[in-house]
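Visitor: A structural model of the following input is requested.
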Amino acid sequence: MRRLPVHLYSTDVISRAGVVSQLRPRPEVLLLDESEADQAAVAVIVSDNIDEPTLRTLRGLRSRSRAALVLVVTQADDAGLVAAVEHGVAGIVRRSEASADRLVAVIQAAAAGEGAVPPDLLGRLLQQVGTLQREVLGPRGLTFAGLAEREVEVLRLVADGFDTAEIARKLSYSQRTIKNILHDVTNRLHLRNRCHAVAYALRNGLI
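Guide: Numbers count the residues shown, from 1 in each chain. Model prediction:
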């Protein structure tokens, strides 16, 4: 069995020692020391709250490492949950539930590119996402995929086989506006062409 290389980050010595004692005997993971941190497949961050110092640690890890991020936290409010996900956290474990089995399961899921969040926290996170869409993005004509409603409508018509002139007539825009919309979408989202933009919209469930 290949052991997953894991590096722990914690400013609290006692918290770190507790997680180390859970993970060190496990054959599934290999705990790395500071000099080997850049080899970690998973970074485990131990914190009391999802506060600014914790988010700063997450930002630093994302900028210098490709390791999947797992957060072991004592408590998490709704804003903290959303912030953690925005900062790339793939797994969240409550400190009170951080048994060796649970930690290993979440670390393995994160390394495999999967998410692992306690069900009640996931429910709260989804509620926050829904609220953000309804109250912040929706009124501004935006979606989580970074597309405005009119951009989605243009891509939907492109997917249906309409050319620029036909789309312009259907939406009562000029052809120049349609071309600009498509150009903005492909540039902003680093897409290659119209077909790539349509594929992006399809993948994100927008059309």
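Visitor: where in this protein is pLDDT low?
Guide: For the chain, applying pLDDT under 70 flags the ranges 1, 126, 128-146, 203-207.
Visitor: host element of the residue in it sticking out farthest from the centre?
Guide: For the chain, the residue at maximal distance from the C-alpha centroid (CA atoms, centre = their mean) is R169, at 38.2 Å. Per DSSP states H and E, R169 falls inside helix 164-171.
Visitor: tell me the buried residues in that helix?
Guide: Of all the residues in helix 164-171, those buried under the rule 16 or more other CB atoms under 10 Å are 164, 167-168, 171. C-beta here means a position set from N, CA and C on the backbone, and glycine is covered the same way.
Visitor: angle of whatever helix or strand comes next after it against helix 164-171?
Guide: Once the chain leaves helix 164-171, the next helix or strand it forms, by DSSP H and E, is helix 175-188. Here helix 175-188 runs at an angle of 100 degrees relative to helix 164-171 (axes from the mean of the first three to the mean of the last three CA atoms, to 10 degrees).
Visitor: residues contacting helix 175-188, please?
Guide: 146-147, 150-151, 154-155, 158, 164-165, 167-168, 171, 173, 191-194, 196-197 (CB atoms under 8 Å, 6 or more residues apart in numbering).
Visitor: at 10 Å instead, please
Guide: Identification of contacts with helix 175-188 by CB atoms under 10 Å, 6 or more residues apart in numbering yields 146-148, 150-155, 157-158, 162-171, 173-174, 191-194, 196-197, 200-201.
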